[in-house]
Every structure is written in C-alpha cells, then in structure tokens.
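>>> No letters, just coordinates:
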C-alpha cells in the first residue's frame, strides 16, 4: 500500500514548503496522545533518516518512519475547508475507532 494525498492536500503542502523556503517534503508520524491513544503528527522534512519510507504523490514527498508506518499504511491525507474551519484530515483504513473530536485514533 502507500500514503496518498488528495489534490487539495498536495497543493497546500506545496504552498507551505514554498513559504518556508526549504524542505524536501512532509513527515507523517503517530504519537501517543488524546483519548483514543494515537495522534497524527505532520512536520516539514529537510532530510530523511535511514529507516524512513518515502512515497511521492501529486509532486509531494511523504516520509514515514518505520515505527509509524504500520499505523499509517494506506492512509489518504486530505485538506478540507468548511466554513471558518480548515485543516488536514486523515482517512486511515487502520483506525478502528476515533475520539469524538477526531484528534486521536486507536488500531
């Protein structure tokens, strides 16, 4: 499987990277947090690590560390604007449940 980005997500990441002025892509990872146990983390990447897996979709490199890959494999990242709210959303086929606010998940 792979990590994919919708057109909206890819465009937003490209815009962020241009504004930042550097970076080869984004790193997606999971961390222990929230009421369901695991939360998503997204950050800019300037270089990769030895244990990283790199995907490229819609012109954006998505880097995943080995620990997070088992939780994120098959995830689609979208960028959604609804009224005054906007942000990245994760469609993760590995998530068995999410908390009410959508900030954390369990597998």
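Here it is on my side, so go on. Bear in mind the structure is a predicted one, so any value in this text is a computation, not a measurement.
>>> so what's residue 70 up against?
Listed by CB atoms under 8 Å, 6 or more residues apart in numbering, the contact partners of residue 70 are residue 94. Just so you know, the C-beta spots here come from the backbone N, C-alpha and C atoms, and that holds for glycine as well.
>>> At the geometric centre of this protein, which residue sits there?
Nearest to the mean C-alpha position of the chain, by CA atoms, centre = their mean, lies residue 28 at 4.2 Å.
>>> Helix, strand, or coil at that one?
Three-state assignment for residue 28 (DSSP: H, G, I helix; E, B strand; the rest coil): strand.
>>> Residue ranges in the protein under the pLDDT threshold?
Along the chain, segments meeting pLDDT under 70 span 1, 34-36, 96-107.
>>> where exactly do the strands run in it?
With strands called from DSSP state E, the chain shows them at 4-5, 25-33, 37-45, 53-57, 60-64, 76-82, 85-91, 97-98, 104-106.
>>> Contacts for the second one next, please.
Residues external to strand 25-33 that are found in contact with it (CB under 8 Å, 6+ apart): 3, 13, 17, 38-45, 52, 54, 56, 60-65, 67-68, 71-72, 75, 77, 103-104.
>>> same thing but at 7 Å, please
If you take CB atoms under 7 Å, 6 or more residues apart in numbering as the criterion, strand 25-33 is touched by 3, 13, 38-45, 60-65, 68, 71-72, 104.
>>> Could you double-check that residue 10 sits in contact with residue 56?
No: the criterion here is CB atoms under 7 Å, and residue 10 misses it with residue 56 at 10.1 Å.
>>> Between these two, which has more neighbouring residues?
Using other CB atoms under 10 Å as the criterion, residue 10 and residue 56 rank with residue 10 on top: 19 against 12.
>>> can you pull the contacts of that one?
Residue 10 is in contact with 57-60, counting by CB under 7 Å, 6+ apart.
>>> can you pick the most crowded of those?
Neighbour max across those (other CB under 10 Å) = residue 60, 19 neighbours.
>>> Who does the nearest residue to residue 25 once chain neighbours are set aside form a beta bridge with?
Distance criterion CB to CB, 6 or more residues apart in numbering; nearest residue to residue 25, sequence neighbours excluded, is residue 61 at 3.0 Å. Judged by DSSP bridges, the bridge partners of residue 61 are residue 25, residue 56.
>>> Having no further points to raise, I will conclude here.
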